[in-house]
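Engineer: okay, sequence plus prediction incoming.
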Amino acid sequence: MNTPNKLTVLRICLVPVFIALFYIYRETYISGIVFTIAALTDTLDGYLARKNDEITVFGKFMDPLADKILVLSALTIFVEQSIISAVSVIIIIFREFIISGFRLMTAQNGVTIAANFWGKLKTVVQLIGILIVLFSNNVPYLNNFLNIGIYTIYASVVLAVISLIVYIKDNVSVVFGGNGEEKLI
């Protein structure tokens, strides 16, 4: 197993640590630090995989899955804590399932569909929003920052919808022929 894949596995393993620390320490700095480390492994594993030409089938599948597990874990905690609306998380989950479905269908024929600009922007905005919430939640003098984090997460929901629309528009011809019939499956 190469280093980028080890980092992806580490990110997945850090999710239960993040969740446990969030509930053990109501002040979320410690869980915020673990979340930050996990999020940074995403940047590092992608960089190393491209730099060292170590892109693998495992990495292509598990890296985005690890990202989804990390982000959706944090967002689910925020719903449970009444920090954000469940509807926003449902929209994000819907988007992720649709895009994952497209990727699975195209992967059957060896076609890899890369993330688009809007999807990458959505991810960055999500991570920033989550980090702001984690580092400002339950800290009275940082209440304004908490609101900024919440609004940032809601902005990422809008970006999720935009990225889904662009993703479908740009890739529907890969999955479906010009007559609307399935092309790959």
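Structural biologist: Nice, I can see it. Numbers count the residues shown, from 1 in each chain.
Engineer: give me the number of residues near residue 110?
Structural biologist: Taking other C-beta atoms under 10 Å as the neighbour definition, residue 110 ends up with a count of 6. From N, CA and C alone the C-beta is placed, and that goes for glycine too.
Engineer: wait, residue 127
Structural biologist: Using other C-beta under 10 Å, residue 127 has 24 other residues around it.
Engineer: got the contact list for it?
Structural biologist: Going by C-beta atoms under 8 Å, 6 or more residues apart in numbering, residue 127 touches 39, 71.
Engineer: offset the numbering so it begins at 25, please.
Structural biologist: In the new count, where the first residue is 25, that last one comes out as residue 151.
Engineer: send me stretch 156-173 as PDB with only the CA atoms.
Structural biologist: Extracted C-alpha coordinates of stretch 156-173, given in PDB (Å, rounded to 0.1, in the frame of the first residue of the first chain):
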ATOM      1  CA  ILE A 156     -15.400  27.400  11.900                       C
ATOM      2  CA  VAL A 157     -18.300  25.700  13.600                       C
ATOM      3  CA  LEU A 158     -16.000  23.200  15.400                       C
ATOM      4  CA  PHE A 159     -13.700  25.900  16.700                       C
ATOM      5  CA  SER A 160     -16.400  28.400  17.700                       C
ATOM      6  CA  ASN A 161     -19.200  26.100  19.000                       C
ATOM      7  CA  ASN A 162     -19.900  26.400  22.700                       C
ATOM      8  CA  VAL A 163     -17.600  29.400  23.000                       C
ATOM      9  CA  PRO A 164     -19.700  32.400  24.000                       C
ATOM     10  CA  TYR A 165     -17.400  35.100  22.700                       C
ATOM     11  CA  LEU A 166     -17.100  33.400  19.300                       C
ATOM     12  CA  ASN A 167     -20.800  33.200  18.700                       C
ATOM     13  CA  ASN A 168     -20.600  35.500  15.600                       C
ATOM     14  CA  PHE A 169     -18.000  33.100  14.200                       C
ATOM     15  CA  LEU A 170     -20.400  30.200  14.800                       C
ATOM     16  CA  ASN A 171     -23.000  32.000  12.600                       C
ATOM     17  CA  ILE A 172     -20.400  32.600   9.900                       C
ATOM     18  CA  GLY A 173     -19.600  28.900  10.000                       C
END
